[in-house]
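Peer 1: Sharing a model that was predicted from the sequence below.
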Amino acid sequence: MLLIENKRLRQTIKTAVPFVLIPVTVLLGALVFDKKMHMYVSLVTAVLSLLLFASGYEKKPVGSRRMVITAVMTALCVAGRFIPFFKPVTAITIITAIYIGGESGFLVGAMAALLSNFYFGQGPWTPFQMFAWGIMGLIAGFMAEPLKKNKAFLAVYGVIAGVGYSMIMDVWTVMWYDDGFNGGLYLTALATALPHTLMYAVSNFVFLWFMAKPFGEKLERIKIKYGV
């Protein structure tokens with residue numbers, strides 16, 4: 001497993017990858033590259049997500065153990081996409097981020113989108129899903145302590161994350177329809193998607209309200225047991 005020892009390099013990666021390199025990759029995939037190259041864009045996004053994950057630890061044993069937990073949470077996210085009307089992908093990504101780390105949350109969200117779309121369908125939208133779920137997890141990692149301590153704040157963040165995911169995906173909708181970004185069309189897309197967005201936001205609220213604590217307690221025990 002890749003180990004990044006230089007502290008300054010790790011910090012640069014933590015900033016550049018999620019806020020510059022991945023967004024630029026995703027946008028180039030939608031605006032510049034041929035749509036048939038979407039799998040290459042998804043692959044580059046996945047590699048960058050792994051690089052971000054690697055920047056989150058200094059010791060190889062800790063990173064390896066964290067990778068196992070992250071893989072399990074990714075599998076749960078993939079399985080969650082098969083639940084009708086109630087898809088706890090964002091919620092599980094958030095839980096991973098606040099208990100395992102924002103980098104793990106980003107990787108879980110990104111890989112859940114990529115892997116589950118081998119069933120639901122790969123396309124130019126996949127990198128947008130990878131980034132959207134990933135960034136919601138990473139932001140949750142930044143606010144881990146207050147989210148752990150306040151269940152209401154956590155549930156409200158789940159609502160915000162659900163809305164944020166939909167807003168990012170509507171950027172893709174406009175680009176697909178108009179071959180560029182159109183503000184008026186974007187507002188129309190947001191309005192059209194409102195019922196789905198509300199349902200998604202409510203499902204995040206419910207899942208986090210009732211399931212965040214049981215999941216968190218188990219993850220905390222695993223962290224203590226294996227020294228993560």
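Peer 2: Sure thing, it's come through. This structure is a prediction, so every number in the text was calculated from the model and none was measured.

Peer 1: only C-alpha atoms for contact and neighbour calcs from this point on.
Peer 2: Fine.

Peer 1: The residue nearest the centre of the chain - nearest residue in space that isn't next to it in sequence?
Peer 2: Nearest residue to the geometric centre of the chain (C-alpha atoms, centre = their mean): residue 134, 2.0 Å. What sits nearest to residue 134 in space, not counting adjacent residues and going by C-alpha to C-alpha, 6 or more residues apart in numbering, is residue 106, at 3.7 Å.

Peer 1: same deal with residue 146?
Peer 2: Closest residue to residue 146 apart from its sequence neighbours, by C-alpha to C-alpha, 6+ apart: residue 153 at 7.7 Å.

Peer 1: Pretty sure residue 145 is one of the things the one you found touches, is it not?
Peer 2: No. Counting by C-alpha atoms under 8 Å, residue 145 is not a contact partner of residue 153; they are 11.0 Å apart.

Peer 1: and residue 221, how many neighbours?
Peer 2: Counted by other C-alpha atoms under 10 Å, the residues lying close to residue 221 total 11.

Peer 1: Which strand or helix spans the residue of the chain most remote from its centre?
Peer 2: Counting by C-alpha atoms, centre = their mean, the extreme residue of the chain relative to its mean C-alpha position is residue 184, 27.2 Å from that point. Using DSSP states H and E, residue 184 maps to helix 183-192.

Peer 1: If you count contacts, what does that helix end up packed against?
Peer 2: Identification of packing neighbours for helix 183-192 by 3 or more C-alpha pairs under 8 Å, 6 or more residues apart in numbering; DSSP states H and E yields helix 151-178.

Peer 1: what is the mean pLDDT for the helix it packs on?
Peer 2: Helix 151-178 carries an average pLDDT of 92.

Peer 1: Quick check: buried residues in the lengthiest helix in the chain?
Peer 2: The longest helix of the chain (DSSP state H) is helix 194-226. Neighbour-count burial for helix 194-226 flags 197, 199-209, 212, 216, 219, 223 (criterion: 16 or more other C-alpha atoms under 10 Å).

Peer 1: same question, stretch 170-182
Peer 2: Residues of stretch 170-182 classed as buried: 170, 171, 172, 173, 174, 175, 176, 181 (neighbour count, 16+ other C-alpha under 10 Å).

Peer 1: Now the helix or strand of the chain with the lowest mean pLDDT: buried residues?
Peer 2: Here the helix or strand of the chain ranked lowest by mean pLDDT, DSSP states H and E is helix 60-80, holding a mean of 85. By neighbour count with 16+ other C-alpha under 10 Å, helix 60-80 contains the buried residues 63-67, 69-71, 73-78, 80.
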